[in-house]
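Student: what shape does this take:
(4 chains)
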Protein chains: 2
Amino acid sequence: MPVELRPTQALRLWHDVTLDLVRDGEHDLSARQMAVLLTVYLEMPPHTVRGLAAKLGVTKPAITRALDTMGRLGLVSRHRDAKDRRNVVIQRTVAGALAVERLGDVVIARHKELPL
Amino acid sequence: MPVELRPTQALRLWHDVTLDLVRDGEHDLSARQMAVLLTVYLEMPPHTVRGLAAKLGVTKPAITRALDTMGRLGLVSRHRDAKDRRNVVIQRTVAGALAVERLGDVVIARHKELPL
DNA sequence: CTTAAATAGAACGGGTCCGAAACGATCAGG
DNA sequence: CCTGATCGTTTCGGACCCGTTCTATTTAAG
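Tutor: Got it, this is the predicted structure:
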């Protein structure tokens, strides 16, 4: 289980991972998009636009636009809910799962390298 | 010091902290701005535009614009280098130090709450 | 059937950021 | 001096994102 993390280590970890993400430039996701991506892949489905908007504390169009961009990148997909056709269900994709997995690898690697 | 971090825990940590940052909305810093901020506050000075651009792997104007925004927010300050007046030295501010400190607190808190 | 509520998306005006290119200021060498 | 190199900034056209407002579709209630 994670032992205590000292302030210097916490900031160093955030710095190193952020730097890796910026350097690779592959994602280029905003903080909101990152929050949406991780919520979809970590929390229990189903995920709706309205639910995500409430969870992040932002407006619905912001979520719609985030999903537009992430859908264009192949990180998520949208489908109408058959039960209630007003709803749109956000689903995971192979590419999205891979991207999330890579992020996890970076965090773990940087965490392991933290100085004493 | 830090014991191994499992993939689920690493992603949960990144998710929770990102969600906190989005919710508070206080910062609203892009990944690049975050990388600049943490680099300035964690790495040894002096910091120049060119040096940061090389470190992040982005163009100089991108750094200049990031510094414009962050200067407007009071997170960093710029001063001409007296030795070589072509250079601009990026310096820390009280507000910036506080923002970095708060980020560290969030990371530590979320890390402490990670499930087994 | 009619009406009201709910959901996602589209339209709009404003703002920010991007990389490429050009610019001014400054330094170094001859 | 002059010339060329270096450094940060500005400009430019284009792309993206923001919140507000409005619209279309669908469901639920009367």
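Student: close to DNA strand D, is the helix or strand containing A:Pro61?
Tutor: In this structure, A:Pro61 sits in helix A:60-72 according to DSSP states H and E. Yes: residues of helix A:60-72 contacting DNA strand D under Cβ under 7 Å from any atom of the strand: A:60-62, A:65-66, A:68-69. For glycine as for every other residue, the C-beta is placed from the backbone atoms N, C-alpha and C.
Student: could you point out which element follows that helix?
Tutor: With elements assigned by DSSP H and E, the helix or strand that comes after helix A:60-72 is strand A:76-80.
Student: what about that following strand, near chain B?
Tutor: No: using Cβ under 8 Å from any Cβ of the partner chain, we find that strand A:76-80 stays clear of chain B, coming within 14.9 Å at best.
Student: dump the residues of helix A:60-72 next to DNA strand D to a markdown table, plus neighbour count.
Tutor: Formatted as a markdown table, those follow (neighbours: other Cβ atoms under 10 Å in any protein chain shown):
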| residue | neighbour count |
| --- | --- |
| A:Lys60 | 13 |
| A:Pro61 | 10 |
| A:Ala62 | 17 |
| A:Arg65 | 13 |
| A:Ala66 | 24 |
| A:Asp68 | 11 |
| A:Thr69 | 15 |
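Student: C-alpha coordinates for stretch A:109-116, PDB please?
Tutor: What follows is stretch A:109-116, C-alpha atoms only, in PDB (Å, rounded to 0.1, in the frame of the first residue of the first chain):
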ATOM      1  CA  ALA A 109       7.400   4.300 -13.900                       C
ATOM      2  CA  ARG A 110       7.800   7.900 -12.600                       C
ATOM      3  CA  HIS A 111       6.600   6.900  -9.200                       C
ATOM      4  CA  LYS A 112       9.200   4.100  -9.000                       C
ATOM      5  CA  GLU A 113      11.900   6.600  -9.900                       C
ATOM      6  CA  LEU A 114      11.100   9.000  -7.100                       C
ATOM      7  CA  PRO A 115      14.100   9.900  -5.000                       C
ATOM      8  CA  LEU A 116      14.200   9.100  -1.300                       C
END
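Student: return the distance of it from the chain's centre.
Tutor: How far stretch A:109-116 lies from its chain's middle: 22 Å, per Cα atoms, centre = their mean, to the nearest Å.
Student: in it, which residues are buried?
Tutor: A:110-111, A:114 (16 or more other Cβ atoms under 10 Å in any protein chain shown).
Student: name the nearest residue to A:Asp16, ignoring sequence neighbours.
Tutor: Sequence neighbours aside, A:Arg110 is the residue nearest to A:Asp16 in space, at 4.2 Å (criterion: Cβ to Cβ, 6 or more residues apart in numbering or on different chains).
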